[in-house]
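K.L.:
below are the sequence and a predicted model for it; my questions follow.
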Amino acid sequence: MNKLITKYISLLKIEDVKKFGIKNNIFLSDKELNYTYNIIKNKHKELIDNPEDIFIEAKKYIDENKLIKIERLFYEYKKRYKNYL
């Protein structure tokens, strides 16, 4: 994985995730936000390499409509920045 991405994730704060979600019309509850933040911080490599498993597990913790938006956004960014992953 790109060192720049790893560095960015190491500096990422929960408030950054919240602001990004709001900017993209995804309003997470505190529980959903904490879950999402922990996945990004602790399983970002797995998320990039095998997102399907992460999204299946996330169905237990994130509202279905919000998760659909998150998945669309994830795949849009993954496609856009694939050369850096």
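P.N.:
Looks like it arrived, so ask away.
K.L.:
from now on I want contacts and neighbour counts done on CA atoms only, so please keep to that.
P.N.:
Fine.
K.L.:
could you pull up the residues touching K41?
P.N.:
Listed by C-alpha atoms under 8 Å, 6 or more residues apart in numbering, the contact set of K41 reads I9, S10, L12.
K.L.:
helix/strand/coil for the residue lying closest to the second one once chain neighbours are set aside?
P.N.:
What that stands for is S10. Computed as C-alpha to C-alpha, 6 or more residues apart in numbering, the closest residue to S10 that is not its neighbour in sequence is K41, at 7.2 Å. Assigned with DSSP: H, G, I helix; E, B strand; the rest coil, K41 falls in the helix class.
K.L.:
which of the contacts of K41 fall in helices?
P.N.:
I9, S10 (DSSP state H).
K.L.:
turn the contacts of K41 into a markdown table, including neighbour count, distance to T36 and pLDDT.
P.N.:
Output for the contacts of K41, formatted as a markdown table (neighbours: other C-alpha atoms under 10 Å; distance: C-alpha to C-alpha, whole Å; pLDDT from 0 to 100):
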| residue | neighbour count | distance to T36 | pLDDT |
| --- | --- | --- | --- |
| I9 | 14 | 13 | 93 |
| S10 | 12 | 15 | 93 |
| L12 | 14 | 12 | 97 |
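K.L.:
I48: which of the contacts of K41 is nearest?
P.N.:
For the contacts of K41, the residue nearest I48 by C-alpha to C-alpha is I9; the value is 12.6 Å.
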